[in-house]
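I would like to see how this sequence folds:
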Amino acid sequence: MPLTLEQYVEKIHSRPDLPWPSAPKIDAPKAKPSLHPMPVRAVFWTVYGTLVAIPQGEIAFEHPQEFLTAAALEKVIKEFKMWNSMSRKPGAPSEYMRELFNKALTTLRLAGSGGEKFPEVQSERVWDDIVKKLQQKDYSFDAVTYGSLGEYVQKIAYFYHASIQGVGPYPGAADALKLLADRSVFQGLLADGQCFTFGQLQRCLKQEDPDLDLSAIIPPAFRLISSEKKARKPSDTLFKAAVTLAEGRGLVPSEVLHIGSNLTRDIGPAKKYGFRTALFAGDKNSLSATGEQLKDPALRPDALITELPQVLELIE
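From the prediction side, this is the model:
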């Protein structure tokens, strides 16, 4: 049986021959929590910048330092044995791969979005385009290990992104989810992310609690990820889907708490759709909130937490 994406994420990090970038250092801002119980029965989490620490607070398709993007592409070429099917142009292999990557990414970004104001690029589609070009030059892969082409390019996407951005759990993330689950609080994801986001989140949380069963806490039907909806925050598409998901559980938006670290992408649109909101102000790297914004009723959160387990104090 081919490895699932989640199994691949776990397996690939157990190999001693592969170096990975370190998780970013958490830089806690000077912030005072604002906590008070609210009549909520469910919590919808943001992933990156809220549960998972990541540079710049979100997934990037390229590293700000060009040589690190080149190094990640070289790593992909070697890991997935692509060199023999690549053009022998002058220069480093990563330069040719960068051409393929940029062309595929640009094409996807320029493609029609069907009226979506905030379209999301699916990372695996970038690699699907690249692999299909390589297959024209007799490129092949181990389907027994990796699965179908669609499953294979998802694994390449994870490998590439994990090579340019180190991630780690915010302190208390696993405890916060477990404690809410113990109190029978329904939990879901309402987040910008890619096909591998759940697997990456699961791996991060297991660093805090190796026995954590994240799928039992947040089943697949309760995960609203931007790449699946082809729309990223603050898109109405995502938040309308969250309202529908809540209604399917017999909940109205005022019974749902959305937690995020960005006022304009997380808090503002959640308030617009009637959700309760909490701003996570635990890391300067992900926090996006100015004093002026906090005075705006359309953006001001109902609560502010500086440590994730404080969410328990928001539940009546």
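
farthest residue from the center of this structure?
Relative to the centre of the chain, and counting by C-alpha atoms, centre = their mean, the farthest-placed residue is P90 at 36.1 Å.

any idea how far that residue is from V76?
Distance of P90 to V76, given as C-beta to C-beta, to the nearest Å: 20 Å. The C-beta positions use only the backbone N, C-alpha and C, and glycine is treated the same way.

next one: C195
From C195 across to V76, the span is 16 Å (C-beta to C-beta).

same question for A143.
Distance from A143 to V76, counting by C-beta to C-beta: 18 Å.

who has more neighbours, these two?
Neighbour totals were compared for A143 and V76, and V76 leads with 21 against 12 (other C-beta atoms under 10 Å).

list the contacts of that one.
82, 97, 156, 159-160, 163 (C-beta atoms under 8 Å, 6 or more residues apart in numbering).

now F61
If you count contacts by C-beta under 8 Å, 6+ apart, F61 has them with 105, 121, 123, 126.

and those residues, which two are the farthest apart?
Within the contacts of F61, L105 and S123 form the most distant pair, 9.0 Å apart (C-beta to C-beta).

so for the two, which sits in the more crowded spot?
It is S123, of L105 and S123, that has more neighbours when counted by other C-beta under 10 Å, with 24 against 17.

and the pLDDT at that one?
You'll see S123 listed with a pLDDT of 98.

so which strand or helix has the nearest residue to P169 once chain neighbours are set aside?
Distances taken as C-beta to C-beta, 6 or more residues apart in numbering put C204 closest to P169, at 4.2 Å, once the chain neighbours are dropped. C204 is part of helix 197-208, with elements assigned from DSSP states H and E.

how far away from the center of its chain is stretch 128-137?
26 Å (C-alpha atoms, centre = their mean, to the nearest Å).

what's the answer for stretch 72-79, then?
With C-alpha atoms, centre = their mean, you get 22 Å for stretch 72-79.

dump that stretch to PDB, restricted to CA.
Presented in PDB, the C-alpha positions along stretch 72-79 are these (Å, rounded to 0.1, in the frame of the first residue of the first chain):
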ATOM      1  CA  ALA A  72      15.300  23.500  -1.800                       C
ATOM      2  CA  LEU A  73      14.900  22.900  -5.500                       C
ATOM      3  CA  GLU A  74      18.200  21.000  -5.700                       C
ATOM      4  CA  LYS A  75      17.100  18.900  -2.800                       C
ATOM      5  CA  VAL A  76      13.800  18.100  -4.600                       C
ATOM      6  CA  ILE A  77      15.700  17.100  -7.800                       C
ATOM      7  CA  LYS A  78      18.000  14.800  -5.800                       C
ATOM      8  CA  GLU A  79      15.300  13.200  -3.600                       C
END
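
can you start the count at 880 instead of 1 from here on
Okay, residue one is now 880; in that scheme the one you just asked about reads as stretch 951-958.

buried set for that stretch?
Neighbour counts over stretch 951-958 (16 or more other C-beta atoms under 10 Å) mark 951-956, 958 as buried.

what does stretch 1160-1178 give?
Along stretch 1160-1178, these residues count as buried under the neighbour rule (16+ other C-beta under 10 Å): 1160-1162, 1164-1168, 1178.

and stretch 979-998, by the same measure?
Within stretch 979-998, the residues that count as buried by 16+ other C-beta under 10 Å are 979-980, 983-984, 987, 997-998.

got a list of contacts for it?
By C-beta under 8 Å, 6+ apart, stretch 979-998 touches 940, 952, 1000-1001, 1004-1006, 1008-1009, 1012, 1109-1116.

so how many other residues sit close to K1016?
Counted with other C-beta under 10 Å, the neighbours of K1016 add up to 11.

so it is in contact with M961, correct?
No - assessed by C-beta atoms under 8 Å, K1016 is found out of contact with M961, at 9.9 Å.

if we can go back for a sec, now, the buried residues of stretch 951-958 that are in strands?
In this view, the buried residues of stretch 951-958 have no member that belongs to strands under DSSP state E.

and stretch 896-914, end to end?
Counting by C-alpha to C-alpha, to the nearest Å, you get 46 Å between the two ends of stretch 896-914.

stretch 1103-1115 too?
Stretch 1103-1115 end-to-end distance (C-alpha to C-alpha) = 13 Å.

any buried residues in it, and which?
Neighbour counts over stretch 1103-1115 (16+ other C-beta under 10 Å) mark 1103-1114 as buried.
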